[in-house]
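**Q** Mind looking at a prediction? Sequence and model below.
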Amino acid sequence: MDLRCLLKEIATFAVNLTILATCVAGHAKPGCQSKCGNLSIPYPFGTGNGCNISINFFITCNTTFNPPKAFLTTGDLEVLYISLDGYLRIQTAAGYDCYNSSGRSSYQIRGIRLAKFPISHTKNKFTAIGCDTYAYVQGSLGHTYSTGCLTFCYNTSDGINGSCSGIGCCQTVIPKGVRGYSVRLSSSYNHSYVLDFNPCSYGFVVEDGAYNFSVSHLADNSFSNKTFPIILDWTIGNQTCKEAKMHPLNYACKENSACIDAENGPGYLCKCVYGFQGNPYLLHGCQDINECDKLKPCSGTCHNTPGSYYCSCPEGFEGDGWKNGTGCRPKVVTQSQSFPVLVVALGVSLLSSLLFSSWVYLGLKQRKLTKLKQQNFQQNGGTLLREQLSKREECGETAKIFTAEELKNATNNYHDSRIVGRGGQGTVYKGILSDGRSVAIKKSIIGDQN
């Protein structure tokens, strides 16, 4: 795989994981209200009665609206969205400064003060609209600051739709770590030179990218009634991750999650570790992502594991099993690979044949020996002996025919220590039978079938 293909695969995978994370809805604490109108309320936020982690995360659900509206704590800041990534979206109105031929006709200062949540310095912009406008934004909660911008123009043709470069519209950033702002507006000439098309100045903090300037806004008398979204950052507590972990009972991050120190203000955030999704602030809130079902990355077999997955090829195939990799292809058996297999097969077959032949040979040999013993027994009067013993048993006399093996055992294999006498026809041994009886056993020196 070349570098371009690899980078493409990594980018595709990252996009897919982002989609997965985005699709995961925040979960409320079990038994708690999970929605207010169109707003999902994930823990650590909640509507009271143990449903939120602290009073700062309390959400008021006002059911007098249709649909109901959610407000931050007990104030009038409407909450539009809560993200477990550490931010929430609220809604506020614009400040304004309006004039007529007699002078200032109306003036409204806008601002907010927040006990806990700082205003995002990366996701918001302070914006001002007007053709004779000085706009200031300042605050002292969390971090004392004052900043602003100027905007001028002499007719509507000067303004550029979509541009806030200082002609009809200007923008500036909010400093880091502030938890409040106040918007103030002023005019050098009370809009006297632009009253016919721009009687008012407007100032507001707005989520970056949520407002698009239009020249028509300069003459829009209803602009003062508009509201704009603002992004607030939120964190847990005022401790760093290292400090929070020293107090396990109050530590907010649950299993399969990681702690992240806040970038804007004190406190920390929790995030499900790689391969898991869900709510890291709830017990068992981070669940394993089944990438095999969601991403379908394999051309072969996909194996899902806790927090990860891998691809493989079935037996008889080779490759990495990935759709964007080498995939799976049938194995090619070469002559050098097939030769050892053939040798093994022939060896097994030959061994089986030898074992079978040996088994047949031993069977035939044993059968031949048994038959020879039977013939010798008959040739040496064995049948006549059995008849005579049978007649003696009828008269109360008993006798027994012993096998050669039994006689050998009784004499300890005809050991010299068992010899009790020698004669012309053979040697007499003392024998001890298996039942303990002592007997005399005579072993003939010669054998004569006659």
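**A** Yep, it's here. Numbers count the residues shown, from 1 in each chain.
**Q** got a list of contacts for stretch 102-119?
**A** For stretch 102-119, contacts defined as C-beta atoms under 8 Å, 6 or more residues apart in numbering pick out 56, 72-73, 77, 88, 92-99, 139, 141-142, 174, 176-185, 190, 199, 203-205, 224, 230-234, 264-265. Just so you know, the C-beta spots here come from the backbone N, C-alpha and C atoms, and that holds for glycine as well.
**Q** same check, this time on stretch 301-309
**A** Here stretch 301-309 makes contact (C-beta under 8 Å, 6+ apart) with 256, 273-276, 288, 290-293, 296-297, 310-314, 321.
**Q** likewise stretch 251-268?
**A** When contacts are taken as C-beta under 8 Å, 6+ apart, the neighbours of stretch 251-268 outside the stretch itself are 44, 53, 86, 118, 120-122, 142, 176-177, 179, 233, 235-241, 244-245, 269-273, 276, 280-286, 288, 307.
**Q** Let's see which of those residues end up in helices.
**A** When those are checked against helices (DSSP state H), the matches are Cys241, Ala244.
**Q** List only buried entries from the contacts of stretch 251-268.
**A** Of all those considered here, the ones buried according to neighbour count by 16 or more other C-beta atoms under 10 Å are 44, 53, 86, 118, 120-121, 142, 176-177, 179, 233, 235-237, 239, 241, 244, 269-272, 276, 280-282, 285-286, 288.
**Q** Domain boundaries for the chain, per the record?
**A** 33-84, 94-233, 236-288, 294-330, 400-450 (automatic domain parsing).
**Q** show me what contacts Pro199?
**A** Residues in contact with Pro199 (C-beta under 8 Å, 6+ apart) are Cys98, Tyr99, Asn100, Ser105, His191, Ala219, Asn221.
**Q** Most neighbours out of these, which is it?
**A** Neighbour counts for the contacts of Pro199 were taken using other C-beta atoms under 10 Å; the highest belongs to His191, with 24 neighbours.
**Q** Give me the local confidence score for that residue.
**A** Per-residue confidence for His191 comes out at a pLDDT of 96.
**Q** Touching, it and Tyr99? I think so.
**A** Yes. In this structure, His191 sits in contact with Tyr99. The criterion is C-beta atoms under 8 Å, and the distance is 4.4 Å.
**Q** Common neighbours of the two, please.
**A** Residues touching both His191 and Tyr99 (C-beta under 8 Å, 6+ apart): Pro199, Cys200.
**Q** which other helices and strands contact the helix or strand harbouring Arg367?
**A** Arg367 is part of helix 335-379, with elements assigned from DSSP states H and E. Contacts of helix 335-379 with other secondary structure elements, assessed using 3 or more C-beta pairs under 8 Å, 6 or more residues apart in numbering; DSSP states H and E, are absent: no helix or strand is involved.
**Q** okay, the angle between the very next helix or strand once past that helix and helix 335-379?
**A** Heading C-terminal from helix 335-379, the first helix or strand you meet, by DSSP H and E, is helix 382-394. Here helix 382-394 points in a direction 60 degrees away from that of helix 335-379 (axes from the mean of the first three to the mean of the last three C-alpha atoms, to 10 degrees).
**Q** Give me the helices and strands touching helix 382-394, please.
**A** Contact here means 3+ C-beta pairs under 8 Å, 6+ apart; on that basis helix 382-394 packs against no helix or strand.
**Q** Could you look up the SS state of the residue nearest to Thr127 when sequence neighbours are not counted?
**A** With C-beta to C-beta, 6 or more residues apart in numbering as the measure, Gln171 is the residue that lies nearest to Thr127, at 5.0 Å, once sequence neighbours are left out. Each residue gets one of three states, and Gln171 gets strand by DSSP: H, G, I helix; E, B strand; the rest coil.
**Q** Verify the stated contact: Gln171 with Cys149.
**A** Yes. With contact defined as C-beta under 8 Å, Gln171 reaches Cys149; the gap is 6.5 Å.
**Q** Residues that sit against both of these two, list them.
**A** Contacts common to Gln171 and Cys149, judged by C-beta under 8 Å, 6+ apart, are Phe126, Ala128.
**Q** Quick check: which ranges of the chain have low pLDDT?
**A** When the per-residue scores of the chain are filtered using pLDDT under 70, the ranges that remain are 1-26, 333-345, 392-398, 446-450.
**Q** ok, Thr305 to Cys313 distance?
**A** 17 Å (C-beta to C-beta, to the nearest Å).
**Q** can you count the residues close to the closest residue to Leu232 other than its chain neighbours?
**A** Spatially, and ignoring its direct neighbours in sequence, Leu232 is nearest to Phe117 (4.2 Å; C-beta to C-beta, 6+ apart). The criterion is other C-beta under 10 Å. On that basis, Phe117 has 25 neighbouring residues.
**Q** what about the residue nearest to Thr127, distance to Lys226?
**A** On the measure of C-beta to C-beta, Gln171 and Lys226 end up 17 Å apart.
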